[in-house]
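Visitor: what would the 3D arrangement of this be:
(one chain, ligands or ions: 2)
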Amino acid sequence: MKKTALITGATSGIGRATATLFAKNNINLVLCGRRQERLKAIAAELSKHTEVQTLTFDVRDKDSVKALLTNLPKGFDTIDILINNAGNAHGLDAIQNGSIDDWDAMLDINVKGLLYVSKAIIPQMIANSSGHIINIGSTAGKEVYPNGNVYCASKHAVDAINQGMRLDLNGTGIKVGSINPGLVETEFSKVRFKQDTDRAQKVYQNFTPLKPEDVADVIYFAISRPPHVNIADLTVMCLDQASSTIVNKS
Ligand code: NDP
Ligand code: 8X3
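Guide: Ligands and ions are numbered 1, 2, ... in the order given. This next block holds a predicted model:
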């Protein structure tokens, strides 16, 4: 039977690439994000391959998350795969210079938003005794780098939530795992540097970073394993990256 995946942050980067790969593999899609026009354009493109619904909401808005995700459109109301991907970094400042608004954004989106979405979807997965949740963490959730402070904290929280979900959902038939990418060239740095495109482009210069499609491949690998296999925690970096701070740019 055809599966249905709900992907947050599907308007760009890793989420969009994952949606494209899932569509080509005949998985029905519920695509989420704030930019409605983009969601519509992506849905129009992917509808050639599969059935697609879009939902426009901010993951910070817990009432909207609950209202929309606990009343999914008919035909899309059983979620087999949840990709908790929406997230971003805001700023790259020493802790003493950080902006409280940036801190709020990262913790509210990357941590609390992921929880609100999961809270809405997990009950139906428990009722069905099946489901697969992939939490998109980061190498920033495995180590802390200078000026990364609160973004790293948010991704360490995702790492802890991923472990906690797997413990608490053990025995329910639901798979829980995280994919933790290193540097991936997406809109991530444009958002981090508040649309300063020159600064954002420099992050990915003089080496070959991951492409969002590389991460999508890994996500698809995780969700296409046999029923008894769960990819619990996987880190993926480009060849030139050894850690958050060691990147070969020679
Ligand atoms: P992008 O900026 O390209 O994509 C981020 C996505 O998240 C967009 O679709 C955006 O949609 C969505 N999003 C952001 N804020 C909200 C919000 N408040 N409500 C709903 N959706 C939101 O970045 P990436 O593809 O790189 O990032 C995806 C995930 O991967 C993030 O969790 C990020 O932390 C993680 N990651 C990224 C890495 C990288 O180097 N790029 C490395 C490791 C992890 P919209 O703006 O339309 O709402
Ligand atoms: C994104 C990777 O190193 O920019 O999570 O934090 S990094």
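
Visitor: for the closest residue to Phe22 other than its chain neighbours, give the beta-bridge partners.
Guide: Spatially, and ignoring its direct neighbours in sequence, Phe22 is nearest to Ala5 (5.3 Å; CB to CB, 6 or more residues apart in numbering). Bear in mind the C-beta positions are built from the backbone N, C-alpha and C, glycine included. Beta-bridge pairing of Ala5 under DSSP bridges involves Leu29, Ile81.

Visitor: which other residues reach the longest strand belonging to the chain?
Guide: Counting residues, the longest strand found in the chain (DSSP state E) is strand 174-181. The contact list for strand 174-181, computed with CB atoms under 8 Å, 6 or more residues apart in numbering, reads 14, 122, 125-126, 130-139, 141-142, 155, 158-159, 162, 165-166, 169, 210, 215, 218-219, 222, 230-237.

Visitor: so it, near ligand 1 or not?
Guide: Yes. For a cut-off given as CB under 6 Å from any ligand atom, strand 174-181 has contacts with ligand 1, namely Pro181.

Visitor: now do the contacts for the closest residue to ligand 2 within the chain.
Guide: With CB to the nearest ligand atom as the measure, Ser138 is the residue of the chain nearest to ligand 2, at 3.2 Å. For Ser138, the contact set (CB under 8 Å, 6+ apart) comprises Lys155, Val158, Asn180, Pro181, Gly182.

Visitor: so which of the residues you listed is the closest to Glu37?
Guide: Pro181 (26.6 Å; CB to CB).

Visitor: hang on, the earlier thing: give me the buried subset of the contacts of strand 174-181.
Guide: In terms of neighbour count (16 or more other CB atoms under 10 Å), the buried residues within those are 14, 122, 125, 131-139, 141-142, 155, 158-159, 162, 165-166, 169, 210, 215, 218-219, 222, 231, 233-234, 236-237.

Visitor: so which of those belong to strands?
Guide: Gly131, His132, Ile133, Ile134, Asn135, Ile136, Asp233, Leu234, Val236.

Visitor: after the longest strand of the chain, which helix or strand is next?
Guide: Using DSSP states H and E, the helix or strand that follows strand 174-181 towards the C-terminus is helix 188-192.
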